[in-house]
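A.B. asks: my questions are about this predicted structure, shown below with the sequence.
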Amino acid sequence: MSIQPLLEVEGLSLAAKPGGKILVDTISFTLNKGETLGLVGESGSGKSLTLRAVLGLLPRGVEKVGGAIQSGASSAMVFQDPRGALDPLCPVVKQLTEVVYYRQKLSRKASRAAALELLDRLGLPDSLKHTDRYPSQLSGGQCQRVVIAMALACKPGILLCDEPTTALDVTVQRQIIETISALQKELGFAMVFVTHNLAIAAAMCSKLCVMKEGRIVEQGEARALLQNPQDPYTQMLMNSVLPVPELEGSV
Ligand SMILES: Nc1ncnc2c1ncn2[C@@H]1O[C@H](COP(=O)(O)OP(=O)(O)OP(=O)(O)O)[C@@H](O)[C@H]1O
């Protein structure tokens, strides 16, 4: 008996309006429960638009012109720019409390308690939780933790991550990746993870789709695909990663 995928994207095409320039061209992939699918590829290849189509929130000026998206679970998104994803004029605890209130249908008091518990789970310091701080008073990594908490407050079956570490410095990148992985193990959501970083893709993803100019040029099991890329574009992407030079006299 075959298992029904959690998410099935079949022949999805997206176009700019008006004019109809095709931006995402008949792409298909599936995502199973607990799996992480990576979308990799150059800037402008259609990764973010694909995520937004899955979320059901295409930007103004883009429309679905073909294909189907079938999802057996709710989705929530972690955006690339955490500061931009937060309201600068609203304290972070209040913002998160609002999401919990509307999505989990709890009382105001219980929503605030649940919001504080979520921030705790995301490893945010008590000072942030008790003094109603604004996003501008948080570091980039702390803002991203708040944005992840907001996505998790929606209790998603599928977490859509749009380059969640690109705007952060490398040490914080690693912490955020580890936090997302640990939460996935604990909560069991599936993920679609957009990244430019092939090392992150290899570490996070069980399956990969390589995108170029709106099309998927290659897809498959992540490790096998990265070890033995078949498409010339995937090979070029692999070759464009700078090797770490061997340091003279290093131990
Ligand atoms: N609102 C919009 N209206 C018209 N065209 C758009 C819109 N948003 C994106 N596009 C175009 O769609 C194409 C795919 O964009 P998308 O943001 O999905 O790329 P991407 O692969 O996520 O790039 P990056 O890695 O730089 O985020 C690009 O050519 C982009 O210019």
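C.D. replies: Cool, got the structure.

A.B. asks: any chance you could map the strands in this structure?
C.D. replies: Counting by DSSP state E, the chain has strands at residues 7-16, 22-31, 36-41, 62-71, 75-78, 158-162, 190-194, 207-212, 215-221.

A.B. asks: near the ligand, which residues of the stretch 51-200 of the chain?
C.D. replies: Contacts of the stretch 51-200 of the chain with the ligand, taken as CB under 6 Å from any ligand atom, map to 59, 60, 61, 62. Heads up, the C-betas are built off the backbone N, CA and C, glycines and all.

A.B. asks: could you flag which of these are buried?
C.D. replies: With burial judged by 16 or more other CB atoms under 10 Å, the buried subset of those is residue 62.

A.B. asks: dump the residues of the stretch 51-200 of the chain next to the ligand into CSV; add pLDDT as well.
C.D. replies: Shown next, in CSV, are these (pLDDT from 0 to 100):
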residue, pLDDT
59, 93
60, 92
61, 93
62, 96
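
A.B. asks: tell me the one of the residues of the stretch 51-200 of the chain next to the ligand nearest residue 98?
C.D. replies: Here the nearest of those to residue 98, counting by CB to CB, is residue 59; it sits at 23.1 Å.

A.B. asks: ok, back up a step: most tightly surrounded among the strands of the chain?
C.D. replies: strand 36-41 (a mean of 26; mean count of other CB atoms under 10 Å).

A.B. asks: list the strands paired with it, with their directions.
C.D. replies: strand 190-194 (parallel), strand 207-212 (parallel) (DSSP bridges).

A.B. asks: just put these in JSON lines and tack on mean pLDDT.
C.D. replies: JSON lines is the format used below for those (pLDDT from 0 to 100):
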{"stretch": "strand 190-194", "mean pLDDT": "96"}
{"stretch": "strand 207-212", "mean pLDDT": "96"}
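
A.B. asks: columns distance to residue 180 on top of those strands, output as a markdown table?
C.D. replies: Shown next, in a markdown table, are these (distance: least, CB to CB, whole Å):
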| stretch | distance to residue 180 |
| --- | --- |
| strand 190-194 | 8 |
| strand 207-212 | 17 |
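
A.B. asks: so which of the ones you listed gets nearest residue 221?
C.D. replies: The closest of the strands paired with strand 36-41 to residue 221 is strand 207-212. By CB to CB, the value is 6.1 Å.

A.B. asks: now do the closest one and strand 22-31, the angle between them.
C.D. replies: Relative orientation of strand 207-212 and strand 22-31, computed by axes from the mean of the first three to the mean of the last three CA atoms, to 10 degrees: 170 degrees.
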